[in-house]
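Kindly generate the corresponding structure for this input.
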Amino acid sequence: MRRLDREAERYRVPDVKQTAPHAVIISRYGTSTGPEIEMQQVPDGFSQRVIDVHGAAGADWLSRLPETITECERRWSLNVMPPFASLSYNYVAPVLCADGKDAVLKLGVPHHEFMNEMEALRLYGGAGMVKLLAGDVGLGAMLLERLKPGTLLSSLTDDEQATSIAAQVMSQLRRPLPPEHQFPTVSDWASGLERLRERFAGTTGPFSAPLVEKAETLFSELIGTMGPPVLLHGDLHHDNILSAGRKPWLAVDPKGVVGEAEYEVGAFVRNRLIPGPKPERLLARRVDQFADELGFDRERIVGWSLAQAVLSAWWSFEDSGQVWNEAITCAELLAAI
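Presented below is the predicted three-dimensional model:
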């Protein structure tokens with residue numbers, strides 16, 4: 001949800017073509033003659049994004065990245081290949097395991113979002129979701145199942161079919177909460193709009209005041225009337241659902257958030273909506289389809305989706321200083337229906 005980093009690209013069959021380097025690291029990876037030391041280039045902009053988000057902790061993590069990769073190779077008997085192109089906020093690379101199977105190594109700055117993702121993967125246990133094969137919270141490392149063929153759901157041209165697939169995956173992902181957990185709630189996420197008010201001294205800055213007020217009202221009303229809380233993916237859009245061998249489609253990159261089941265549809269509803277002909281019709285059809293196939297209340301789908309769209313636009317502004325206009329357009333269209 002936040003930063004929309006499209007982690008799904010990292011679980012596909014590798015394309016090792018690199019973008020222009022921003023920094024160089026050293027890592028081990030296997031060759032036909034055995035492990036070697038090779039220079040690997042980090043795609044342009046990756047280091048800067050990590051530092052922009054994590055500050056000094058990110059810079060320190062980057063400086064230790066070669067040692068972290070080497071430790072993962074030693075601990076889990078891996079040959080780590082060059083990283084995937086278009087890295088966003090995590091270092092992700094294909095690996096070859098000692099038994100000859102393919103997997104994916106995902107490394108990130110140890111922080112709450114990374115830890116929540118790992119715990120969510122553990123709880124899902126591969127049901128509707130990519131499998132967590134191994135992990136170390138302190139190291140900020142996850143060894144993940146490799147999804148093949150790994151086609152993104154966004155590659156389907158039939159949006160009605162894609163929406164139906166997403167609904168099926170959502171049904172598989174609902175999980176009761178463990179007795180004790182540290183996942184954020186939808187109320188925690190909604191509090192992000194309080195930071196918007198603080199940032200602009202009580203006003204809404206570059207954001208439409210009526211739209212922000214509508215989102216605030218909706219969050220308050222919907223949170224106050226929520227159904228039974230469950231563990232949700234939290235960012236289940238077209239690029240976080242991939243084709244796989246053991247199941248037709250599986251989800252990746254869970255955020256791990258607690259809320260009612262209806263909350264889950266918001267990320268998909270607003271994704272890949274703009275640009276396109278008659279987005280208002282596409283939006284209305286997605287809402288109706290989720291209501292029909294999942295048995296959700298249509299008004300709650302619209303309400304959650306609108307509020308989340310405004311929140312996502314604000315998160316984008318927090319991270320980049322730019323308003324995510326597509327999310328705002330989606331919120332406006334939802335307000336109209």
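
Helices of the stretch 151-300 of the chain, start to end?
Ranges of helices in the stretch 151-300 of the chain, per DSSP state H, counting those that start in this stretch, are 159-173, 186-190, 192-199, 209-224, 266-270, 279-294, 298-320.

Out of those, which is the most enclosed?
With neighbours taken as mean count of other Cβ atoms under 10 Å, the helices of the stretch 151-300 of the chain reach their highest mean count in helix 266-270, at a mean of 26. Just so you know, the C-beta spots here come from the backbone N, C-alpha and C atoms, and that holds for glycine as well.

now stretch 98-117, how far from the chain's geometric center?
Mean-position distance between stretch 98-117 and its chain equals 14 Å (Cα atoms, centre = their mean, to the nearest Å).

now swap in stretch 145-164 and tell me
Between the centre of stretch 145-164 and the centre of its chain there are 15 Å (Cα atoms, centre = their mean).

can you list contacts of that stretch?
The contact list for stretch 145-164, computed with Cβ atoms under 8 Å, 6 or more residues apart in numbering, reads 8-9, 11-13, 94, 101-104, 126, 130-133, 165-166, 238-239, 241-245, 249-250, 252, 268, 272, 282, 285-286, 289-290, 293.

Need the residue closest to the centroid of the protein.
The residue at the geometric middle of the chain, judged as the C-alpha nearest the mean C-alpha position with Cα atoms, centre = their mean, is Asp253 (4.6 Å).

isn't that one right up against Leu236?
No: Asp253 is beyond contact range of Leu236, at 9.2 Å (criterion: Cβ atoms under 8 Å).

any weak-confidence spans in the chain?
Within the chain, the stretches with pLDDT under 70 are 1-41, 43-44.

Show me where it has its strands.
Assigned by DSSP state E, the strands in the chain fall at 21-31, 34-43, 78-80, 91-97, 102-107, 132-136, 141-145, 230-232, 241-243, 249-251, 257-259.

dump the residue contacts of the closest residue to Leu273 other than its chain neighbours.
Nearest non-adjacent residue to Leu273, counting by Cβ to Cβ, 6 or more residues apart in numbering: Pro279, 5.0 Å away. Pro279 makes contact with 273, 329-330, 333, according to Cβ under 8 Å, 6+ apart.

Any chance of a markdown table for these, columns neighbour count and distance to Arg75?
Converted to a markdown table, these look like this (neighbours: other Cβ atoms under 10 Å; distance: Cβ to Cβ, whole Å):
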| residue | neighbour count | distance to Arg75 |
| --- | --- | --- |
| Leu273 | 20 | 43 |
| Thr329 | 18 | 46 |
| Cys330 | 27 | 43 |
| Leu333 | 21 | 49 |
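
among those, which are in helices?
Counting by DSSP state H, the contacts of Pro279 place 329-330, 333 in helices.

which one among these gets closest to Arg74?
Cys330 (46.3 Å; Cβ to Cβ).

Could I get the contacting residues of the closest one?
Contact partners of Cys330, counting by Cβ under 8 Å, 6+ apart, are 269-270, 273-274, 279, 283, 305, 309.

and the two most separated of those residues?
Taking Cβ to Cβ as the measure, those reach their widest spread between Ile274 and Ser305, a distance of 14.0 Å.

And the closest residue to Ala309 other than its chain neighbours, how far from Asp319?
Residue nearest to Ala309 in three dimensions, not counting chain neighbours: Ala331, with 4.0 Å by Cβ to Cβ, 6+ apart. Between Ala331 and Asp319 the computed distance is 18 Å (Cβ to Cβ, to the nearest Å).

Also Phe268?
The span separating Phe268 from Asp319 equals 21 Å under the rule Cβ to Cβ.

Kindly report the same for Leu143.
For Leu143, the distance to Asp319 equals 28 Å [Cβ to Cβ].
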